[in-house]
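Chemist: Build me a model from this:
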Amino acid sequence: MGGQGMVYYTERLKELREENDWTQEQVAQAIGVKREQYRRYETGLNEIKASHIIQFAKLYHVTADYLLGLSDERGGIDTR
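Modeler: Predicted coordinates for the structure are as follows:
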């Protein structure tokens, strides 16, 4: 698989953020990181932590598989 997964999550993070009309700062605050750290996730400079994948999945109501590019089905997770 190599770097293919990285390309997907960077593109999908940006796409989901823009669909929700959120800034990088707003998303960073929502998951509890600094904007710079989030920017590095979105640009692929830093590998995303597993705990943050879960937070993004909950925030955007998609599956971790969708975020990681393992599926094109957004699905959704129960945030109750």
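Chemist: switch to C-alpha atoms for all contacts and neighbour counts from now on
Modeler: Will do.
Chemist: Mind naming the longest helix for the chain?
Modeler: In the chain, taking DSSP state H as the definition, the longest helix is helix 4-19.
Chemist: Can you give the distance from it to the centre of its chain?
Modeler: Distance of helix 4-19 from its chain centroid, counting by CA atoms, centre = their mean, to the nearest Å, is 6 Å.
Chemist: neighbours of residue 18, just the number please.
Modeler: Residues near residue 18, counting by other CA atoms under 10 Å, number 12.
Chemist: sorry, that was for residue 28
Modeler: Other residues near residue 28 come to 16 when the count uses other CA under 10 Å.
Chemist: Quick check, it in contact with residue 42.
Modeler: No - contact criterion CA atoms under 8 Å: residue 28 and residue 42 do not qualify, at 10.8 Å.
Chemist: contacts for stretch 30-48?
Modeler: Residues outside stretch 30-48 that contact it (CA atoms under 8 Å, 6 or more residues apart in numbering): 6-7, 9-11, 13-14, 24-25, 27-29, 52, 55-56, 59.
Chemist: mind exporting the longest helix of the chain as PDB, just the C-alpha atoms?
Modeler: What follows is helix 4-19, C-alpha atoms only, in PDB (Å, rounded to 0.1, in the frame of the first residue of the first chain):
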ATOM      1  CA  GLN A   4      -1.300   5.600  -0.900                       C
ATOM      2  CA  GLY A   5      -3.100   5.700   2.400                       C
ATOM      3  CA  MET A   6      -1.400   9.000   3.300                       C
ATOM      4  CA  VAL A   7      -2.600  10.700   0.200                       C
ATOM      5  CA  TYR A   8      -6.200   9.600   0.900                       C
ATOM      6  CA  TYR A   9      -6.300  10.900   4.500                       C
ATOM      7  CA  THR A  10      -4.700  14.200   3.600                       C
ATOM      8  CA  GLU A  11      -7.100  14.800   0.800                       C
ATOM      9  CA  ARG A  12     -10.100  13.500   2.700                       C
ATOM     10  CA  LEU A  13      -9.300  15.600   5.800                       C
ATOM     11  CA  LYS A  14      -9.200  18.800   3.700                       C
ATOM     12  CA  GLU A  15     -12.300  17.800   1.700                       C
ATOM     13  CA  LEU A  16     -14.300  17.100   4.800                       C
ATOM     14  CA  ARG A  17     -13.200  20.300   6.500                       C
ATOM     15  CA  GLU A  18     -14.100  22.400   3.500                       C
ATOM     16  CA  GLU A  19     -17.500  20.700   3.100                       C
END
